[in-house]
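Engineer: sequence and predicted structure are below.
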Amino acid sequence: MFAHPSGDYAITEMYSVPDDAWYLELDLVRDRGTHVTAIVPDEDPAREPTVCFDSRGPHLGIPYEVMRWFMDRVDARIRTSHARMRLRPELVAVIHDLRQEHMGAIDDADFPHVLAAKVPR
């Protein structure tokens, strides 16, 4: 959680594995409510980041400097998440596969031919 210098607002940042996206939530500390959510896709370069406002909650006037602070954080997340997507598509695919392996999404049983290969000594 990142607190705004005023102490009235905070940003909660989390990764959703099923969505392959970062979620950044702008919270009003006093009511512990999320009022703005930014979704930054992390795997598919065709998916665009989005910003959603809580339409069910009460109208809330968010100060400009707070919204700017939030959007600067969203912009930083977009830059870091999408930086590798400017690489050649085959490199993006390799990075994606390595991340899946790192997260445990690839099981050894998925690649029996690799396990069967003999390593020269």
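Structural biologist: Received it, and whenever you're ready, just let me know what you need.
Engineer: please count neighbours and contacts with C-alpha atoms only from this point.
Structural biologist: OK.
Engineer: grab the longest helix from this protein for me.
Structural biologist: helix 64-82 (DSSP state H).
Engineer: what is the neighbour count of the residue lying closest to residue 28 once chain neighbours are set aside?
Structural biologist: Nearest residue to residue 28, sequence neighbours excluded (C-alpha to C-alpha, 6 or more residues apart in numbering): residue 9, at 4.7 Å. Neighbourhood size, residue 9 [other C-alpha atoms under 10 Å]: 21.
Engineer: what's the answer for the one 5 residues further on, then?
Structural biologist: Residue 14: 13 surrounding residues under other C-alpha under 10 Å.
Engineer: just residue 68 next, same as before
Structural biologist: Residue 68 - counted by other C-alpha under 10 Å - has 12 other residues nearby.
Engineer: and for residue 36?
Structural biologist: Using other C-alpha under 10 Å: residue 36 sits among 19 other residues.
Engineer: next, residue 93: phi, psi?
Structural biologist: The phi/psi pair for residue 93 (degrees, to the nearest 10) reads phi -60, psi -40.
Engineer: where in the chain is pLDDT low?
Structural biologist: By pLDDT under 70, the low-scoring segments of the chain are 45, 57-58, 84-85, 96, 99-100, 102-121.
Engineer: in it, which spans are strands?
Structural biologist: Counting by DSSP state E, the segments of the chain that form strands are 2-3, 9-16, 21-28, 33-41, 50-53.
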